[in-house]
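[1] With the sequence up front, the predicted model follows.
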Amino acid sequence: MVDVGSKAETARVARAAGSIFMKPETLALIRSGSAKKGDVLGIARIAAIQASKRTGDLIPLCHPIALTRVTADFAIDAERNAVHCQVTAECFGRTGVEMEALTATSVGLLTIYDMCKAVDRGMRIDNLRLLEKSGGKSGHWVAG
């Protein structure tokens with residue numbers, strides 16, 4: 001792991017996003033809450049938050065971070081037959097939270113896939129990306 005011991009502790013925030021595309025019928029199941037495995041978006045939200053807390057265990061050489069806040073928001077896009085996920089991760093520490101936000105977004109979308117794969121194996125997870133990060137020596141960065 002990279003030595004971050006001499007870095008100053010600062011407030012750090014990262015936002016990540018991604019989407020999952022599916023058949024209209026699959027999106028209808030999610031919207032109605034009638035998927036066999038239950039509340040898809042509610043469970044995906046919990047999975048995303050749990051994943052953010054386990055990032056240091058999943059990504060080699062990634063520092064374990066004491067997160068102070070994680071939000072996972074899902075938006076249904078009926079026009080594109082998609083669910084969009086956006087995660088914000090925050091901490092006060094010596095290293096950033098980009099990996100936590102990206103991991104949480106990935107696992108939230110994978111949870112949707114897992115919960116709906118029996119009816120739609122052709123779902124596609126797409127456009128996983130970092131949207132913004134702030135804090136630390138490199139300061140504020142926003143995707144172009």
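    It's in.

[2] what does the model give Gly38 for pLDDT?
    Here, the pLDDT recorded for Gly38 equals 90.

[3] Next, it: phi, psi?
    Per-residue torsions, Gly38: phi 110, psi -150 (degrees, to the nearest 10).

[4] How about it: what's its closest non-neighbour residue?
    Met115 (7.5 Å; Cβ to Cβ, 6 or more residues apart in numbering). Any C-beta I mention is one placed from the backbone N, CA and C, and that applies to glycine too.

[5] Please confirm that that neighbour is located within a strand.
    No: judged by DSSP: H, G, I helix; E, B strand; the rest coil, Met115 forms no part of a strand; its state is helix.

[6] Please name the residues that touch Arg45.
    By Cβ atoms under 8 Å, 6 or more residues apart in numbering, the residues touching Arg45 are 72, 74, 108.

[7] Quick check: it vs Arg129, distance?
    Per Cβ to Cβ, to the nearest Å, Arg45 is found 19 Å from Arg129.
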